[in-house]
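Participant: Quick one, what's the 3D model for this:
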Amino acid sequence: MNTNTQLLRFITAGSVDDGKSTLIGRLLHDSKSIFEDQFSAIAKTSEKRGMAAVDLSLLTDGLQAEREQGITIDVAYRYFATPKRKFIIGDTPGHEQYTRNMVTAASTANLAIILIDARKGVLTQTKRHSYLASLLNVPHVVLAVNKMDMVDYSQARFEEIVNEYKAFAAQLDLHDVHCIPLSALNGDMVVDRGENLDWYKGPALLEFLEEVVIDRDVNTSDFRFPVQWVCRPQTNEYHDFRGFAGRIEAGEVSLGDEITILPSGRTSRVKEIVTYDGNLATAFAPQSVTLRLADEIDISRGDMLVKSSAHAPRVEKEFEATLCWLSESPLDKGRKYLVKHTTRTAKCLFSRLDYRVDVNTLEQHAVEKLNMNDIARVALKIQQPLVFDSYDIDRATGSFIVIDEASNNTVAAGMIS
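Facilitator: Residues are numbered from 1 along each chain as shown. The predicted structure follows:
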């Protein structure tokens with residue numbers, strides 16, 4: 001396999017018992033991505049439970065509590081690859097009390113698979129997960145109508161569910177929705193097409209995952225380079241070397257480009273682009289590089305390098321955001337917290353709590369405090385200016401986390417608007 005094979009991150013979400021873990025197990029099994037000892041272990045467990053067939057959902061439900069309850073609690077990550085693409089799967093929880101787990105997994109996903117039980121159709125949890133996918137700006141959504149074997153592989157039932165879902169999805173900012181009928185239990189239209197869904201002419205799930213175009217998911221027009229480390233090697237060979245290391249979060253940069261350093265506003269030009277494998281003429285997201293500039297400028301960790309000619313990000317100490325509260329301890333408006341945005345960490349206060357969103361009905365409610373899994377509209381004041389874009393323009397520079405100063409725990413994740 002080519003080491004440069006493209007990586008696709010995707011999550012599965014849906015109501016409890018829709019078959020998320022079974023679907024992932026089927027993907028891993030039918031794509032020959034599990035070891036014999038793994039398969040043997042789950043086969044023995046299935047036999048002990050008196051099951052006639054191997055329970056493939058055991059491949060992902062790793063926590064003992066999950067296996068006892070038959071549900072997914074934490075996000076179970078699995079990795080597999082085909083000759084065409086590498087994959088990271090996040091199997092997210094179905095219960096409302098684990099909303100924070102889905103938010104965590106979806107924040108870096110290129111694609112979300114929303115599962116629906118063909119017998120039950122579109123449920124409240126289906127709408128909730130679709131709203132979260134929209135909120136987190138997941139570029140692609142697959143509506144996987146599972147358990148088609150339980151409705152005699154009915155085309156009419158599939159089309160009925162698709163029409164109902166698309167009517168709801170029209171209210172959300174979902175960019176690309178593709179609908180696939182399948183049976184994770186029997187393997188129809190997961191990796192192999194099977195013989196029971198001949199009326200469906202689109203791609204099987206794995207075929208779609210291999211072919212979906214994700215190159216455009218990254219902002220390629222606006223160069224964004226948060227400085228992670230100022231590189232000053234203390235050796236005779238590199239005694240005058242001064243570079244700025246970090247990861248390009250958006251866009252590209254070339255030798256000679258005029259660069260603006262924010263928040264100071266100073267300008268310079270790119271003199272050298274250094275990587276472990278040698279120097280480059282051009283670098284682009286998401287490469288990690290070290291940039292050397294033509295001028296000696298005071299630059300520190302947390303500063304942002306952008307192209308002078310490009311669309312400028314915002315540099316502000318106050319902003320509004322959509323926040324998901326992750327902590328078991330409720331938000332205390334009177335306390336100071338830390339905001340970590342790209343490579344900068346600064347103290348902050350919550351100046352306003354505008355409203356909480358009911359993720360099941362999308363209704364907005366006045367709120368005085370935030371509890372775990374609450375999603376709300378808030379305003380923050382930051383001690384130092386942050387350099388950011390709106391989340392819908394750039395997920396990397398439009399997102400942040402909130403940290404409790406006392407415990408150093410991450411208590412919230414936010415999307416700037």
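
Participant: ranges for the helices of the chain?
Facilitator: For the chain, the helices defined by DSSP state H occupy 20-30, 36-48, 64-69, 99-106, 124-135, 155-169, 205-211.

Participant: Tell me which of these lies nearest to Thr260.
Facilitator: Among the helices of the chain, the nearest to Thr260 by CB to CB is helix 124-135 (31.1 Å). Where C-beta positions appear, they are placed from N, C-alpha and C, glycine not excepted.

Participant: Buried residues of that closest one, list them for me.
Facilitator: 125-135 (16 or more other CB atoms under 10 Å).

Participant: Put together a markdown table for the residues you listed, with pLDDT and distance to Leu293 on each row.
Facilitator: Formatted as a markdown table, those follow (pLDDT from 0 to 100; distance: CB to CB, whole Å):
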| residue | pLDDT | distance to Leu293 |
| --- | --- | --- |
| Gln125 | 84 | 51 |
| Thr126 | 88 | 50 |
| Lys127 | 88 | 49 |
| Arg128 | 86 | 47 |
| His129 | 88 | 45 |
| Ser130 | 91 | 45 |
| Tyr131 | 90 | 44 |
| Leu132 | 88 | 41 |
| Ala133 | 90 | 40 |
| Ser134 | 91 | 40 |
| Leu135 | 90 | 38 |
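
Participant: List the buried residues of stretch 398-412.
Facilitator: 398-404, 411-412.

Participant: so who does Thr126 touch?
Facilitator: 14-15, 114, 116, 165 (CB atoms under 8 Å, 6 or more residues apart in numbering).

Participant: just curious, which of those residues is nearest to Arg301?
Facilitator: Nearest member of the contacts of Thr126 to Arg301, counting by CB to CB, is Ile114, at 38.9 Å.

Participant: hang on, that closest one packs against His140?
Facilitator: No. At 11.1 Å, Ile114 does not count as touching His140 under the criterion of CB atoms under 8 Å.

Participant: the more surrounded of those two?
Facilitator: The residue with more neighbours, out of Ile114 and His140, is Ile114; 30 against 23, by other CB atoms under 10 Å.

Participant: Next up, the contacts around that one.
Facilitator: Applying CB under 8 Å, 6+ apart, we find Ile114 in contact with 13-14, 126, 129-130, 133, 141-144.

Participant: could those be laid out in JSON lines, adding distance to Thr275?
Facilitator: Below are the contacts of Ile114 laid out as JSON lines (distance: CB to CB, whole Å):
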{"residue": "Ala13", "distance to Thr275": "37"}
{"residue": "Gly14", "distance to Thr275": "41"}
{"residue": "Thr126", "distance to Thr275": "44"}
{"residue": "His129", "distance to Thr275": "39"}
{"residue": "Ser130", "distance to Thr275": "40"}
{"residue": "Ala133", "distance to Thr275": "34"}
{"residue": "Val141", "distance to Thr275": "35"}
{"residue": "Val142", "distance to Thr275": "35"}
{"residue": "Leu143", "distance to Thr275": "41"}
{"residue": "Ala144", "distance to Thr275": "39"}
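
Participant: Which of the residues you listed sits closest to His311?
Facilitator: Among the contacts of Ile114, and counting by CB to CB, the member closest to His311 is Ala133, at 26.2 Å.

Participant: Can you tell me, leaving aside adjacent residues, what's nearest to the closest one?
Facilitator: The spatial neighbour of Ala133 that comes closest, neighbours along the chain excluded (CB to CB, 6 or more residues apart in numbering), is Ala112 at 4.4 Å.

Participant: For that neighbour, give its distance to Asp149.
Facilitator: Here Ala112 is placed at a distance of 24 Å from Asp149 (CB to CB, to the nearest Å).

Participant: Equivalent analysis for Trp229, please.
Facilitator: Taking CB to CB, one finds Trp229 at 54 Å from Asp149.

Participant: Neighbour count for the two, which is higher?
Facilitator: Neighbours were counted for Trp229 and for Asp149 using other CB under 10 Å; Asp149 has more, 17 against 12.

Participant: thinking again about what came up before, for the helices of the chain, which one sits closest to Thr342?
Facilitator: helix 99-106 (17.9 Å).

Participant: Can you list the helices and strands that that closest one packs against?
Facilitator: strand 7-14, helix 124-135, strand 314-325 (3 or more CB pairs under 8 Å, 6 or more residues apart in numbering; DSSP states H and E).

Participant: Report the angle between the first one and helix 20-30.
Facilitator: With axes from the mean of the first three to the mean of the last three CA atoms, to 10 degrees as the criterion, the two stretches strand 7-14 and helix 20-30 enclose an angle of 140 degrees.

Participant: Mind listing the strands strand 7-14 pairs with, and their directions?
Facilitator: Each strand paired with strand 7-14, and its direction, by DSSP bridges: strand 86-91 (parallel), strand 111-117 (parallel).
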